[in-house]
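Visitor: pasting the structure only:
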Ligand SMILES: NC(=O)C1=CN([C@@H]2O[C@H](COP(=O)(O)OP(=O)(O)OC[C@H]3O[C@@H](n4cnc5c(N)ncnc54)[C@H](OP(=O)(O)O)[C@@H]3O)[C@@H](O)[C@H]2O)[C@@H](O)CC1
Ligand SMILES: Nc1ncnc2c1ncn2[C@@H]1O[C@H](COP(=O)(O)OP(=O)(O)O)[C@@H](O)[C@H]1O
Ligand SMILES: [K+]
């Protein structure tokens, strides 16, 4: 599991660790790790040209000490002091003592930036707020426009560490070297889009961090542990039946795609309820098709309702059931929060940003800019597990103290019609197979994103390709076991 901790938590852990170390030791440890990454990126340190962008805080201190290490190894290092007179005193002394130079933001700074091999962004770290200040914008842009590798210290300056929002201009890095722990902003868009490759430097913070992080991301091993393997005595009922309520005369394809996902999700069988029966059967003869309403259909262990659904009794029937329910797409538009909160079995909502905005009475852009707050707010209001889809997919449970899961798989090729229908069926199937709602949603997103990467392989994909690659994604996670 990859874990991420909020700013106050990281600061508290740093304070506790620092209290046991000599003055300045922690910063020098961070800087040594940073310098080692830079040396690796440069290949040859001796004679290389480095520019440090240095703000007023400890983030600038890290950059200055790392610059000093590299200057002692023969790099030519210039430090652009953005907050003149307020740069970290110890770091600046170390750099000057190692032969580095201090620059103001005049012409020489821009000349050095244009010629640099590597730029270290030490403008702000976890203490920065509100995007880059105006005086930091031109050097940050010059760094980006030079041919240099841009390495962000702890975080790309201008992004909010705690929630991944970007409230102004921020610096785009090629690599981010973060200290002690990931911060949520490194994993969540839009901020995550600024980090480039993220490298974590261990500074010994681990024992001082709480057990429960703010956010977490599943990795292959976590998913493999959760995926079911049918036992010898399994039968289709014990593996769980998932009911899919999807499709309409207008969107019969949604029924096919949702069933395609459900068939690959680990349930023992898929029961389809809706007007798309003939289309579903033509593609998937193994589907159990029920006439009538969900209430009239046979028993299932979970329902997935919504993709391509026109109005009908489907949603009310399903909400009234005593099994886990996933609600997607059209079914979200008419959703009554009180009805969801009153349910005794778990409910999973899977909105994209537009649907999330409708659930919150907000603008879509607000949701996209503040995904973490949005997913938590919907989960709290509806008393449900919420899977917020999009460039970073997030999963939050109704309890506020449970970490939000950030999906690490996926590809922007997934932004194609019908791919969400596959995810609904798949996640419903995991619910029917007995997954807890947060696990079903996060494992569903993980496999779906991985299948999309395998299917796309650098080229456009169609939603049904994602469904077709789900078995390969499953095998990729389990090692084919
Ligand atoms: N603690 C430790 O032991 C360790 C800490 N470590 C490092 O320290 C970093 C945190 O350092 P920090 O707390 O000094 O804050 P930091 O991010 O440098 O910002 C400071 C100042 O910037 C300013 N400012 C704010 N917004 C701004 C903006 N938009 N644009 C421009 N300027 C802006 C504002 O000052 P102001 O100008 O308002 O007085 C603010 O006070 C952390 O990320 C890690 O790198 C590592 O060495 C590991 C050990
Ligand atoms: N920019 C993006 N990057 C990565 N994944 C994306 C992006 N945009 C959409 N997706 C993913 O594609 C799927 C689209 O689902 P959805 O919006 O419900 O579409 P549809 O209703 O057409 O099926 C979701 O899994 C979502 O997370
Ligand atoms: K930075």
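Guide: Great, that's in hand. Since the structure is predicted, the reported quantities are computational estimates derived from the model, not experimental observations. Ligands and ions are numbered 1, 2, ... in the order given.
Visitor: Could you chop the chain up by domain?
Guide: 2-217, 220-478 (automatic domain parsing).
Visitor: who touches residue 256 in this structure?
Guide: 247, 276, 279, 280, 283, 284, 464 (C-beta atoms under 8 Å, 6 or more residues apart in numbering). Every residue, glycine included, has its C-beta placed from N, CA and C.
Visitor: show me the contacts for residue 143.
Guide: By C-beta under 8 Å, 6+ apart, the contact set of residue 143 is 51, 53, 113, 116, 119, 121, 150, 171.
Visitor: do residue 320 as well
Guide: Per C-beta under 8 Å, 6+ apart, neighbours of residue 320: residue 295.
Visitor: And the longest helix seen in the chain, what does it pack against?
Guide: Using DSSP state H, we find that the single longest helix of the chain is helix 437-456. For helix 437-456, the packing partners by 3 or more C-beta pairs under 8 Å, 6 or more residues apart in numbering; DSSP states H and E come out as helix 220-226, strand 347-350, strand 385-388, strand 394-396, strand 404-406, helix 419-432, helix 463-468, helix 470-478.
Visitor: Worst mean pLDDT across the helices and strands of the protein, which element?
Guide: helix 236-239 (a mean of 82; mean pLDDT, DSSP states H and E).
Visitor: Name the residues of that helix that come out as buried.
Guide: Neighbour-count burial for helix 236-239, counted by 16 or more other C-beta atoms under 10 Å, picks out residue 239.
Visitor: cool, stretch 405-412 as well?
Guide: Neighbour counts over stretch 405-412 (16+ other C-beta under 10 Å) mark 405, 406, 407, 408, 409, 410, 411 as buried.
Visitor: Check stretch 458-465 too.
Guide: 461, 463, 464, 465.
Visitor: is it true that the second one touches residue 418?
Guide: What that stands for is residue 463. Yes: counting by C-beta atoms under 8 Å, residue 418 is a contact partner of residue 463 at 3.3 Å.
Visitor: Could you name every residue contacting both of the two?
Guide: Common neighbours of residue 463 and residue 418 (criterion: C-beta under 8 Å, 6+ apart): residue 257.
Visitor: who in the protein is up against ligand 3?
Guide: Neighbours of ligand 3 within the chain, by C-beta under 5 Å from the ion: 121, 152, 153, 157.
Visitor: okay, those residues in a markdown table with distance to residue 7 next?
Guide: A markdown table is the format used below for those (distance: C-beta to C-beta, whole Å):
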| residue | distance to residue 7 |
| --- | --- |
| 121 | 18 |
| 152 | 16 |
| 153 | 15 |
| 157 | 15 |
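Visitor: Can you tell me which of the residues you listed is closest to residue 222?
Guide: Using C-beta to C-beta, the shortest approach to residue 222 within the residues of the chain next to ligand 3 belongs to residue 152, at 27.2 Å.
Visitor: A strand includes the closest one, no?
Guide: Yes: Residue 152: assigned to a strand according to DSSP: H, G, I helix; E, B strand; the rest coil.
Visitor: Need the nearest residue in space to it, chain neighbours excluded.
Guide: residue 173 (3.7 Å; C-beta to C-beta, 6 or more residues apart in numbering).
Visitor: secondary structure class for the one you found?
Guide: coil.
Visitor: likewise residue 137?
Guide: Per three-state DSSP, residue 137 ends up helix.
Visitor: how near is the residue most central in space within the chain to ligand 2?
Guide: Nearest to the mean C-alpha position of the chain, by C-alpha atoms, centre = their mean, lies residue 406 at 3.7 Å. Distance, residue 406 to ligand 2, by C-beta to the nearest ligand atom, to the nearest Å: 12 Å.
Visitor: Same check on residue 448?
Guide: Taking C-beta to the nearest ligand atom as the measure, residue 448 and ligand 2 are separated by 6 Å.
Visitor: surely that residue meets residue 466?
Guide: Yes: using C-beta under 8 Å, residue 448 makes contact with residue 466 at a distance of 6.5 Å.
Visitor: how about the closest residue to ligand 2 within the chain, what does it touch?
Guide: Ligand 2 sits closest to residue 420 of the chain, with a gap of 2.0 Å, by C-beta to the nearest ligand atom. For residue 420, the contact set (C-beta under 8 Å, 6+ apart) comprises 307, 328, 329, 350, 352, 389.
Visitor: Give the residues shared as contacts by residue 448 and residue 466.
Guide: Residues touching both residue 448 and residue 466 (C-beta under 8 Å, 6+ apart) are 261, 414, 419, 422.
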